[in-house]
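Participant: need a structure here:
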Amino acid sequence: MEPENKRESFAELINGNTPVLVDFFAEWCGPSKMMKPVLEKLHEQMGDKVRIIKIDIDKSPAAANTFQVQSVPTLMLFQKGKPLWRQSGVLQASQLENIIKQKSIIQ
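Facilitator: Take a look at the predicted model:
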């Protein structure tokens with residue numbers, strides 16, 4: 001059994017059965033800051049049905065480059081290693097919940 005605090009790699013996270021919403025953001029970006037309470041509300045609404053991770057493009061330029069993130073915030077939804085959806089800009093929690101339910105298979 002692995003320790004609870006073991007950090008999963010990005011590849012391990014997005015390859016799971018649980019949908020993963022990735023928020024590519026930057027600390028200096030106003031719209032990125034607007035997404036924080038939206039993602040917190042989404043987490044309250046969906047709980048463990050979706051994993052939400054944030055990737056700072058300034059601290060992880062390779063990840064931003066790999067997924068060709070040109071603007072922030074850029075949101076991407078993954079499940080079983082496949083990108084299911086992506087969009088740049090600010091969305092509301094209800095919009096994100098609908099997208100996750102439409103595009104993924106929730107366990």
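Participant: Would it be right to say that Met46 lies in a strand?
Facilitator: No: using DSSP: H, G, I helix; E, B strand; the rest coil, the assignment for Met46 is helix, not a strand.
Participant: who's in contact with it?
Facilitator: Contact criterion Cβ atoms under 8 Å, 6 or more residues apart in numbering gives 97, 100 as the residues in contact with Met46. In short, each C-beta sits where N, CA and C put it, glycine included.
Participant: ok, it to Ile52 distance?
Facilitator: 9 Å (Cβ to Cβ, to the nearest Å).
Participant: residues of the lowest-mean-pLDDT helix or strand in the chain that come out buried?
Facilitator: Across the helices and strands of the chain, the lowest-confidence element by mean pLDDT, DSSP states H and E is helix 10-14, at a mean of 87. Buried positions in helix 10-14, judged by neighbour count with 16 or more other Cβ atoms under 10 Å: 13-14.
Participant: again with stretch 13-23
Facilitator: So for stretch 13-23, counting by 16+ other Cβ under 10 Å, buried means 13-14, 18-23.
Participant: tell me what whatever helix or strand comes next after the least confident helix or strand of the chain is packed against?
Facilitator: Later in the chain than helix 10-14, the nearest helix or strand by DSSP states H and E is strand 20-25. In this structure, strand 20-25 packs against helix 10-14, helix 30-46, strand 51-56, strand 74-79, with contacts taken as 3 or more Cβ pairs under 8 Å, 6 or more residues apart in numbering; DSSP states H and E.
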